[in-house]
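[1] Requesting a structural model of the entry that follows:
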Amino acid sequence: MKIGLVLSGGGMRGAAHIGAIKALEEHGIYPTHIAGTSAGAIVGALYASGYNWDDILRFFKSISILDITKYAIRKPGILDADKFYNNFKTYFSEDDFSILKKDLQITATNILNGDLMVFKEGELIKPILASAAFPGVFSPVKINDSYYVDGGTLNNFPVELLKKQCDIIIGIYVNGFETIDIKELKHSHHVAERAFKLKSVREDYMKFKTCDLVVCPKGLDKFGTFDKKNLKHIFDIGYNATIEALKTFEITKNTNT
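    Model prediction:
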């Protein structure tokens with residue numbers, strides 16, 4: 001049985017993906033195909049490479065985003081996405097999709113022509129960096145002759161990539177949208193981030209019905225995209241929400257590959 005796992009973007013809220021993976025495996029569910037965007041691309045690539053949930057959580061904890069050595073110089077961004085290459089190279093024996101143990105597809109947005117690009121073969125790390133390059137914060141990533149930014153700009157929940165390949169599709173959506181109080185918008189980046197989410201969230205919710213199971217943990221909206229202080233709490237929210245969702249999910253037999 002081919003089981004697809006769709007992992008949305010969400011910044012550090014992507015730690016909830018890791019909790020979800022732990023819960024799925026505890027129920028004998030081992031995805032064979034993965035589609036991910038942004039944080040989902042990072043988690044998906046590490047998982048597809050064979051790392052277990054605690055290794056992936058350790059990776060998230062180890063990344064120092066506000067590292068002065070990674071500031072962008074003469075590039076359009078605060079942080080130079082390319083300077084995170086070595087953080088990923090440590091985890092991948094070879095920089096190529098061919099080393100992965102699970103089928104993986106990740107999305108990124110071509111900032112020059114506005115097209116959505118799906119990466120599934122060839123070099124691996126730059127597409128991951130591109131998929132997670134939050135516009136305005138990280139510099140665009142050059143791949144061949146084009147430049148790419150966050151895949152969530154055009155497709156934050158790429159369910160359609162797995163529809164023809166998988167018997168079952170499980171979606172983990174960590175970019176939930178809840179009504180908030182104006183007091184929660186304390187800084188300009190909070191307003192920008194929420195505005196950025198408005199259109200994509202509506203489009204993403206429409207895709208939920210195409211999944212066999214969707215886990216959309218409540219309470220993640222209060223954590224910022226770059227919030228590293230609450231990774232374990234975010235992880236626990238993803239884990240508990242998935243455990244709860246699996247109580248009514250009966251298609252679990254023959255899923256252990």
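[2] Please name every helix or strand in contact with the top strand by length along the chain.
    Using DSSP state E to define each element, the chain has its longest strand at strand 103-110. Applying 3 or more CB pairs under 8 Å, 6 or more residues apart in numbering; DSSP states H and E, we find strand 103-110 packed against strand 33-37, helix 39-48, strand 116-119, helix 125-131, strand 146-150. The C-beta positions use only the backbone N, C-alpha and C, and glycine is treated the same way.
[3] Can you give the distance of the fourth one from its chain's centre?
    Its chain's average C-alpha position is 11 Å from that of helix 125-131, according to CA atoms, centre = their mean, to the nearest Å.
[4] Just checking, which helix or strand succeeds it along the chain?
    Scanning forward in sequence from helix 125-131 by DSSP states H and E, the next helix or strand is strand 141-143.
[5] so what strands line up beside that following strand?
    Strand 141-143 has its sheet partners listed here by DSSP bridges as strand 146-150 (antiparallel).
[6] Distance from the next helix or strand after the strand it pairs with to the middle of the chain?
    Next along the chain after strand 146-150, taking DSSP H and E as the criterion, comes strand 168-172. Put simply, strand 168-172 sits 14 Å off its chain's centre (CA atoms, centre = their mean).
[7] send the alpha carbons of strand 168-172 over as CSV?
    Extracted in CSV, the C-alpha atoms of strand 168-172 (Å, rounded to 0.1, in the frame of the first residue of the first chain):
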residue,chain,number,x,y,z
ILE,A,168,-4.0,6.8,1.1
ILE,A,169,-3.1,10.5,1.7
ILE,A,170,-2.5,11.9,5.1
GLY,A,171,-2.1,15.6,5.4
ILE,A,172,-0.4,17.4,8.3
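[8] Now that strand: average pLDDT?
    Taken as a whole, strand 168-172 has an average pLDDT of 98.
[9] Residues in contact with it: which ones?
    By CB atoms under 8 Å, 6 or more residues apart in numbering, the residues outside strand 168-172 that reach it are 1-8, 16-17, 20, 24, 29, 31, 40, 157, 159, 162-163, 207-208, 210-215, 238, 242, 251, 255.
[10] Return the subset of the residues you listed lying in helices.
    Filtering these for membership in helices, criterion DSSP state H, returns Ala16, His17, Ala20, Leu24, Gly40, Lys207, Gly238, Thr242.
[11] tell me, how many neighbours does the last one end up with?
    Using other CB atoms under 10 Å, the number of residues around Thr242 comes to 26.
[12] Averaged over its residues, which helix or strand of this protein has the lowest pLDDT?
    Across the helices and strands of the chain, mean confidence by mean pLDDT, DSSP states H and E is lowest for helix 188-207: a mean of 77.
[13] Now do that one against strand 33-37, angle only.
    Here helix 188-207 runs at 140 degrees with respect to strand 33-37, directions being taken by axes from the mean of the first three to the mean of the last three CA atoms, to 10 degrees.
[14] quick one: helix 188-207 to strand 168-172, angle?
    Interaxial angle, helix 188-207 versus strand 168-172 (the same axes, to 10 degrees): 160 degrees.
[15] about what we covered before: just the residues contacting the longest strand of the chain, thanks.
    Outside strand 103-110, the residues within contact range by CB under 8 Å, 6+ apart are 32-37, 40-41, 44-45, 48, 97, 115-120, 127-128, 130-131, 133, 141, 143, 146-151, 153-155, 158, 161-162, 165.
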